[in-house]
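J.: just the structure for this:
(2 chains)
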Amino acid sequence: MSLLEVRGLKTYFYTRQGIVKVLDGLDFRLEPAQILGLVGETGSGKSVTGFSILRLVPRPGRIVGGEVVFEGGDLLRLPEPQMAALRGRDIAMIFQNPRTALNPLIPVGRFLEHVLRFRAGLPRNQTRDEAVRLLSAVHIPDPERRLASYPHQLSGGMAQRVMIAAAIAARPKLLIADEPTTGLDVTVQAQIMRLLRELRDKIGTAQILITHDLGLASEVCDVIAVMYAGDIVEFAPTRTLFATPQHPYTQGLLASRPKLAEIGEIPAIFGSAPDLVNPTRGCRFHPRCSYAFDRCRMERPKPVNVSPDHYATCFLLTEGKHA
Amino acid sequence: MPEPVLVVENVVKHYPVPAGWLRHQYVHAVDGVSFEIYPGQTLALVGESGSGKSTLGRMLLMLERPTSGRVLYKGQDLSRLRDSVLRIYRKSLQMVFQDPMDALNPRMTVLETVMEPLVLHGIAKGRVARDRALELLERVGLKREHAARYPHQLSGGQQQRVGIARALATEPEFVVFDEPTSALDVSVQAQLLNLTSRLRVEYGLSSAFISHDLTVVSYVADRVAVMYLGQIVELGTRRQIFESPQHPYTVSLMSSMPGGRPLMPWKPLVLEGEIPSPLNPPSGCRFHTRCPFAEASCRTKMQRLEPIKPGHLVACHQVMERGGYDALEAEKARRKA
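T.: Numbering: from 1, shown residues only, chains lettered A, B, ... in the order given. Just a heads-up that it's a prediction; the model follows:
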């Protein structure tokens, strides 16, 4: 059984300019102990997907349809108190800018002990030792002393480790990491990514890594879902995606990443991100696609399997006009 | 060899920070940096946050005055000029900023923004300035319809195009690009990088390109200076830096870049700890607290940039003694075995 199955998820934002259908029928699944990368550019709906799973979509957004099946039960039908108990215990989330997620007035130790008591249900006399153990599990040097530190005394990388420590306190089965290393330096990013992979290998935490960086996703994820304008345009195991990308957008993304020590023009994708208030008819990518033909302008494509675990949402695959 | 456009000699920037009553500590933002930039060339300044790359970039244009050291533009020491005299040079020395939304005046239209430097420097006015500005907008890939818009009506990529058009309006000889694409999505970033490369050739610009992203740098740079805690640890041509990095920090920076070789297992040389505070930089080699090869001598020995090959400078005595990074790494592997 899959750990998580998202079926036909619809999350709309009711803005003054109109209804923005950020997610309009999203499907994907995640197996236990798997790391899935949700990759997309600004406005692709990747963060909204993360928030929708936890039912934390900010106003004026609302989940209006679909199912989020976690361990066999639909989270969207769970009464709010049960959902609240599940957050942080079964599914935890970490964010970009860890310092804004930490209360500046509460020392790290007190924060972690609180999480351990109320999320993990640990008795009061064990929380301190467990907090120390958690801090050393995320490789914070001198954890005993760090318990007394306030968030402003931590570097960005250190603050993100504290957030990860809090997120894994109750041993969740799923960790959603929303751009966890954006804003951190590359050498620190490498440390955090090593840590996330370690969590999966040692305690089997399944993860959804939300990122704009396809390269980063390729380093840590087992499977990758490429998102564009709220749709998953391609889904495949990481190696397959890089070796044989099928969707023109994936191909463009892969090509437009500057590669080390190459010269000449970068094959850029022309145009800019789509307008979600007035989405184009047909395939949402067609205005930027150099392969677009008539059908792409009229009809919305459906996912087509190229192999059992690899699909792309593109007419080129069925019409035989291979990209 | 032609005369360099810009010569930077032992530039230092210290910022005082109050540390108790009548006492000051100093942030060593940039600590003794020297290099030259030749006509038509781009030097990339690469480093992580706190490496001093942006402070250095601002000092090249005297937006920040160095505490000591000299910045020579065509032989003229800019650091000694008064602001009023410096203004004459501003025409030839321009900057493109990281966040275009911060750099553009929200109350000015695109056209006004690009016309302003033309008028201020007395290059053109009225109709002529207007036509020049429209032509510039076209050259950076904006349409006529964008001219009347305000910055908030543009996408991030378009805003940065305006920033570039404005910087080029005075036909500068030297431009500092401060992370011009780091706020943009990958697909837009690629468009902008192609644009800057093209314009650099068209205008014969010399430039300094500041970035934390080595993949970006590999596209735009002729030479690369890798910075760590206010100092240059390695300087060389693009080929030298990317094909045979010599300093352990450069090696780890390069290997930490995800997606370099997507089908190979990612094995970054992961550093321990984080960049130390520039308030209190480590003694000896500033990198020794994180360097996997550090030994006792690194804690005391001051490092100097020395040539390991013609034009390729490294500030690591261990690498120098062994004749290269590979020898250093091999020796460590042997000792481990």
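J.: which residues of the chain score low on pLDDT?
T.: Reading this off chain A. Applying pLDDT under 70 to chain A flags the ranges A:258-264, A:320-323.
J.: please refer instead to chain B.
T.: B:259-267.
J.: quick one, helices of it?
T.: B:53-60, B:83-90, B:100-103, B:110-120, B:126-139, B:156-168, B:186-203, B:214-220, B:238-243, B:248-256, B:296-300, B:317-322, B:325-336 (DSSP state H).
J.: in the stretch 1-150 of chain A, which spans are helices?
T.: A:46-53, A:80-86, A:98-101, A:108-118, A:127-137, A:143-146 (DSSP state H, counting those that start in this stretch).
J.: so what does the last one touch, helix or strand wise?
T.: Applying 3 or more CB pairs under 8 Å, 6 or more residues apart in numbering or on different chains; DSSP states H and E, one finds that helix A:143-146 contacts helix A:127-137. C-beta here means a position set from N, CA and C on the backbone, and glycine is covered the same way.
J.: again with the third one
T.: In terms of contacts (3+ CB pairs under 8 Å, 6+ apart), helix A:98-101 is packed against helix A:156-167.
J.: buried ones in the helix it packs on?
T.: In terms of neighbour count (16 or more other CB atoms under 10 Å in any protein chain shown), helix A:156-167 has its buried residues at A:156, A:157, A:158, A:159, A:160, A:161, A:162, A:163, A:164, A:165, A:166, A:167.
J.: sorry, back to before: let me have the helices of the stretch 1-150 of chain A in CSV, adding mean neighbour count and distance to residue B:243 as columns.
T.: Shown next, in CSV, are those (neighbours: other CB atoms under 10 Å in any protein chain shown; distance: least, CB to CB, whole Å):
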stretch, mean neighbour count, distance to residue B:243
helix A:46-53, 23, 35
helix A:80-86, 12, 51
helix A:98-101, 17, 36
helix A:108-118, 20, 43
helix A:127-137, 18, 39
helix A:143-146, 16, 41
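J.: so for residue B:7, which of those helices sits nearest?
T.: Residue B:7 sits nearest to helix A:98-101 of all the helices of the stretch 1-150 of chain A, at 40.4 Å, using CB to CB.
J.: just put the helices of chain B in CSV and tack on distance to chain A and mean neighbour count.
T.: CSV is the format used below for the helices of chain B (distance: least, CB to the nearest CB, whole Å; neighbours: other CB atoms under 10 Å in any protein chain shown):
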stretch, distance to chain A, mean neighbour count
helix B:53-60, 12, 24
helix B:83-90, 31, 12
helix B:100-103, 14, 17
helix B:110-120, 16, 21
helix B:126-139, 17, 16
helix B:156-168, 6, 24
helix B:186-203, 4, 20
helix B:214-220, 4, 23
helix B:238-243, 4, 18
helix B:248-256, 4, 23
helix B:296-300, 18, 13
helix B:317-322, 19, 18
helix B:325-336, 17, 13
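J.: looking at these, which is closest to residue A:229?
T.: helix B:186-203 (12.7 Å).
J.: mind giving me the packing neighbours of the closest one?
T.: So helix B:186-203, by 3+ CB pairs under 8 Å, 6+ apart, packs with helix A:248-256, helix B:156-168, helix B:214-220.
J.: tell me how far that helix is from the chain's mean position?
T.: Helix B:186-203 sits 16 Å away from the centroid of its parent chain (CA atoms, centre = their mean, to the nearest Å).
J.: so what's the residue nearest the centre of chain B up against?
T.: In chain B, the residue lying closest to the centroid (CA atoms, centre = their mean) is residue B:210, at 2.3 Å. Contacts for residue B:210 (CB atoms under 8 Å, 6 or more residues apart in numbering or on different chains) come out as B:44, B:45, B:53, B:54, B:56, B:57, B:176, B:177, B:178, B:179.
J.: one step back: nearest to residue B:110, out of the helices of the stretch 1-150 of chain A?
T.: Comparing those by CB to CB, helix A:46-53 comes nearest, at 30.3 Å.
J.: and that closest one, C-alpha only, in CSV?
T.: Taking C-alpha atoms only, helix A:46-53 is exported to CSV below (Å, rounded to 0.1, in the frame of the first residue of the first chain):
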residue,chain,number,x,y,z
LYS,A,46,4.5,22.9,-5.5
SER,A,47,4.2,24.6,-2.1
VAL,A,48,0.4,24.7,-2.2
THR,A,49,0.6,20.9,-2.7
GLY,A,50,2.6,20.6,0.5
PHE,A,51,0.2,22.8,2.4
SER,A,52,-2.8,21.0,1.0
ILE,A,53,-1.6,17.6,2.3
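J.: give me the residues contacting that helix.
T.: By CB under 8 Å, 6+ apart, helix A:46-53 touches A:4, A:6, A:9, A:11, A:22-23, A:26, A:38-40, A:57-58, A:61, A:63, A:68, A:70, A:75, A:91, A:93, A:176, A:178-179, A:208, A:210-212, A:227.
J.: cool, stretch B:58-77 as well?
T.: Applying CB under 8 Å, 6+ apart, the set of residues contacting stretch B:58-77 is B:3, B:5-14, B:30, B:32-34, B:55, B:78-81, B:86, B:89-90, B:92-95, B:174, B:176, B:208.
J.: mind checking which of those are buried?
T.: B:5-9, B:11-14, B:30, B:32-34, B:55, B:78-79, B:89-90, B:92-95, B:174, B:176, B:208.
J.: mind telling me which residue of the stretch 1-150 of chain A is nearest chain B?
T.: residue A:41 (4.0 Å; CB to the nearest CB).
J.: look up phi and psi at the closest residue to that residue other than its chain neighbours.
T.: With sequence-adjacent residues excluded and distances taken as CB to CB, 6 or more residues apart in numbering or on different chains, residue A:41 is closest to residue B:185, at 4.0 Å. Dihedral pair for residue B:185: phi -70, psi 150, per degrees, to the nearest 10.
J.: could you report the neighbour count for residue B:185?
T.: Residue B:185 has 23 neighbouring residues, counting by other CB atoms under 10 Å in any protein chain shown.
J.: that one and residue A:181, how far apart?
T.: 17 Å (CB to CB, to the nearest Å).
J.: please apply the same query to residue A:165.
T.: Residue A:165 is 16 Å from residue A:181, by CB to CB.
J.: before we move on, which element is the most centrally placed residue in chain A in?
T.: Nearest to the mean C-alpha position of chain A, counting by CA atoms, centre = their mean, stands residue A:210 at 2.5 Å. Per DSSP states H and E: residue A:210 is located in strand A:206-211.
J.: direction included, what does that strand pair against?
T.: strand A:35-39 (parallel), strand A:174-178 (parallel) (DSSP bridges).
J.: quick one: closest of those to residue B:326.
T.: strand A:35-39 (33.5 Å).
J.: and that closest one, how far out from the chain middle?
T.: That offset, for strand A:35-39, works out to 6 Å (CA atoms, centre = their mean).
J.: ok, stretch B:74-87 next?
T.: That offset, for stretch B:74-87, works out to 21 Å (CA atoms, centre = their mean).
J.: just stretch A:129-136 next, same as before
T.: 26 Å.
J.: residues making contact with it?
T.: Contacts of stretch A:129-136 (CB under 8 Å, 6+ apart): A:108-109, A:112-113, A:116, A:120, A:122, A:143-144, A:146-147, A:161-162, A:165-166, A:168-169.
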